[in-house]
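**Student:** coordinates only, no sequence provided:
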């Protein structure tokens, strides 16, 4: 593994560069820092969880304010979601996505003091709600307040799966089945899933867990572990939700990229 994991791989940059919004030809002010260097600065913050103003200038990324503004600009242009979708399509083309089932779960995230997060029962911070395929590849992550029940995000996660190309025919958006623990027990949501032609495999409260469920659902916990290895996501710093979601989408893309490289190795 590289000792400098924030350095952008040439092949990854070749996928991302066409997605970036162009700069005006006659933009006022000094020449902007190259996009690739700014992306490396953003990755440095994502992996090391440092304040923007502490970004080392000697690494050539520009100031923390420069990288922060570029992150905001790219998020507003939808760059990170587009990159995630491109990588999912490449994984799908390589046969690396398991559509036979998807898994959902939620994970609590602490928040730094001052981050506005509605809370309850002393549960401060935010929550990540994740849906992944049967192999743990992240499809969609939603960030909410810490007191939001997991079941309320079931349909938003399912409907949030982007159309994934890469195979002949129409892009796919629906897994064959959805696996969830007792936190997702809801007959209303089961009916909605069936209307979407998705088989709900969800344990019921007050009853034993479905046999073998744990062996199938471990992948979602594994994906959370990978996601929160990016230290910026283990603790929420960003007051603006869209900037936190930019980091989340970028982290999901990097997880997909590593799996794609492993599949091609």
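**Tutor:** Sure thing, it's come through. Fair warning: this is a prediction, and the values are worked out from it, not measured in the lab.
**Student:** every contact and neighbour count from this point should use C-alpha atoms.
**Tutor:** OK.
**Student:** what lies in contact with whichever strand in the chain runs longest?
**Tutor:** For the chain, the strand with the greatest residue count under DSSP state E is strand 102-111. By CA atoms under 8 Å, 6 or more residues apart in numbering, the list of residues contacting strand 102-111 from outside reads 117, 124-134, 146, 150, 154, 175-181, 217, 219-221, 224, 233-237.
**Student:** can you select the buried ones among those residues for me in PyMOL?
**Tutor:** Buried subset of these, written as a PyMOL selection, criterion 16 or more other CA atoms under 10 Å:
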select buried, resi 117+124+125+126+127+128+129+130+131+132+133+134+146+150+154+175+177+178+179+180+181+217+219+220+221+224+233+234+235+236+237
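**Student:** which parts of the stretch 51-200 of the chain are helices?
**Tutor:** 64-76, 79-93, 154-159, 187-195 (DSSP state H, counting those that start in this stretch).
**Student:** tell me where the model's unsure across the chain.
**Tutor:** In the predicted model of the chain, residues 1-3, 5, 25-30, 113-124, 207-215 satisfy pLDDT under 70.
**Student:** what's the domain layout of it?
**Tutor:** With domains defined by automatic domain parsing, the chain comprises 10-19+31-76, 98-237.
**Student:** redo those as JSON lines? Include distance to residue 243.
**Tutor:** Output for the domains of the chain, formatted as JSON lines (distance: least, CA to CA, whole Å):
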{"stretch": "domain 10-19+31-76", "distance to residue 243": "7"}
{"stretch": "domain 98-237", "distance to residue 243": "10"}
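**Student:** which one of the ones you listed lies nearest to residue 92?
**Tutor:** In terms of CA to CA, the element of the domains of the chain nearest to residue 92 is domain 98-237, at 5.4 Å.
**Student:** surely residue 40 touches residue 6?
**Tutor:** Yes: when contacts are counted by CA atoms under 8 Å, residue 40 is listed as touching residue 6 (5.4 Å).
**Student:** paired strands for the longest strand of the chain, with orientation please.
**Tutor:** Applying DSSP bridges, strand 102-111 is found paired with strand 126-133 (antiparallel), strand 177-180 (parallel), strand 235-236 (parallel).
**Student:** now do it: distance to the chain's middle.
**Tutor:** Computed by CA atoms, centre = their mean, to the nearest Å, the chain-centroid distance of strand 102-111 equals 11 Å.
**Student:** which of the residues in that strand are buried?
**Tutor:** Neighbour-count burial for strand 102-111 [16+ other CA under 10 Å]: 102, 103, 104, 105, 106, 107, 108, 109, 110, 111.
**Student:** state the pair within those that is farthest apart.
**Tutor:** The most distant members of the buried residues of strand 102-111, if one measures by CA to CA, are 102 and 111, lying 28.2 Å apart.
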